[in-house]
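Chemist: Sequence plus predicted model, see below.
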Amino acid sequence: MIAVVLGAPGSGKGTQSRLLSEKHHLSHVATGDILRSEIAMGTALGRQADGYVKKGQLVPDELVTAMLASRIERAPNDDYFLDGFPRNLRQAEELDKLLKRWDGRVDTALFLSLPAAEALKRLSARQICAKCGAVYNAVTKPVRKPGVCDACGGDVVARGDDAKETAVRRIAVYEKETTPLLDHYRRRGILREIDAAGDPIRVSRAMEAALADFWDHRDGDGSGGT
Ligand code: AMP
């Protein structure tokens, strides 16, 4: 199964995808996480991507698409949760071409819907662990010990691109580049819209229900997937 998760920066894509991937043994591929790790390691890709990420712009399609392809090529038969890819129509087309090589396709698109003002508010309070990527929120989900990850003891910091001006740009880029994907997947009949405001546990349940619905229809036997 290939599930893509769509939503504005701050809508909870990463947190929710990570949770559900662990629970259902899906491979979680977050292009933003991979890029941040390439940047931290100072690889050639990281050096090319750095400026774009810092400014809140999309990294060129060719770079991100090649990066995603090499990840999927390693285990083409896995079930995937794609978080942060595709980000525009061109990437969606490239993804279709890529998956076709294994007779695959995007099976379901989960859209975490959140007003821009709320997304911005969340980004201003977001903190992440520089080591394991765990996501916190200074207001709603603070770390137990300031600056230290509860999960791995790594440093917990605000993401540079969550600074107000960059966050505003990222939301504008999302609205211009990524929201056309909603219609793209709606036309295919695979878009599931989930209200991402409020309690994360409720959001998580709604995402699970959407996945279970897909599995039930696919299997036709109500077994509900993994
Ligand atoms: P994210 O962690 O998903 O918010 O992504 C952080 C940043 O990584 C974005 O603002 C972009 O600069 C870059 N990025 C992540 N995924 C993509 C993608 N699919 N295409 C282009 N740039 C991306």
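Modeler: Here it is on my side, so go on. Residues are numbered from 1 along each chain as shown.

Chemist: now the helices for this protein?
Modeler: 13-24, 31-41, 44-55, 61-74, 89-100, 116-125, 164-173, 180-187, 200-219 (DSSP state H).

Chemist: Run a quick neighbour tally on the closest residue to the ligand within the chain.
Modeler: In the chain, the residue that lies nearest the ligand is Gly32 (2.0 Å; Cβ to the nearest ligand atom). The way it works is simple: take the backbone N, C-alpha and C, and place the C-beta from them, glycine included. Here the count is done by other Cβ atoms under 10 Å, and Gly32 has 20 residues near it.

Chemist: would JSON lines of the helices of the chain with mean pLDDT be doable?
Modeler: Below are these laid out as JSON lines (pLDDT from 0 to 100):
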{"stretch": "helix 13-24", "mean pLDDT": "93"}
{"stretch": "helix 31-41", "mean pLDDT": "95"}
{"stretch": "helix 44-55", "mean pLDDT": "97"}
{"stretch": "helix 61-74", "mean pLDDT": "97"}
{"stretch": "helix 89-100", "mean pLDDT": "98"}
{"stretch": "helix 116-125", "mean pLDDT": "95"}
{"stretch": "helix 164-173", "mean pLDDT": "97"}
{"stretch": "helix 180-187", "mean pLDDT": "98"}
{"stretch": "helix 200-219", "mean pLDDT": "89"}
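
Chemist: Contacts only, for the residue sitting nearest the centre point of the chain.
Modeler: With distances taken as Cα atoms, centre = their mean, Asp83 lies nearest the centre of the chain, 2.4 Å away. Going by Cβ atoms under 8 Å, 6 or more residues apart in numbering, Asp83 touches Val5, Lys13, Gly14, Ser17, Arg18, His28, Val29, Ala30, Thr31, Gly32, Asp33.

Chemist: I'd like to know the average pLDDT value across stretch 140-147.
Modeler: Mean pLDDT, computed over stretch 140-147, is 94.

Chemist: For it, list every residue counted as buried.
Modeler: For stretch 140-147, a neighbour-count test (16 or more other Cβ atoms under 10 Å) marks Val143 as buried.

Chemist: now swap in stretch 92-104 and tell me
Modeler: Buried-residue list, stretch 92-104, by 16+ other Cβ under 10 Å: Ala92, Glu94, Leu95, Leu98, Leu99, Gly104.

Chemist: Around the ligand, pick out the residues from the chain.
Modeler: Residues of the chain found near the ligand (Cβ under 6 Å from any ligand atom) are 9, 31-32, 35, 52-53, 56-59, 64, 84-85, 87, 91, 161, 170.
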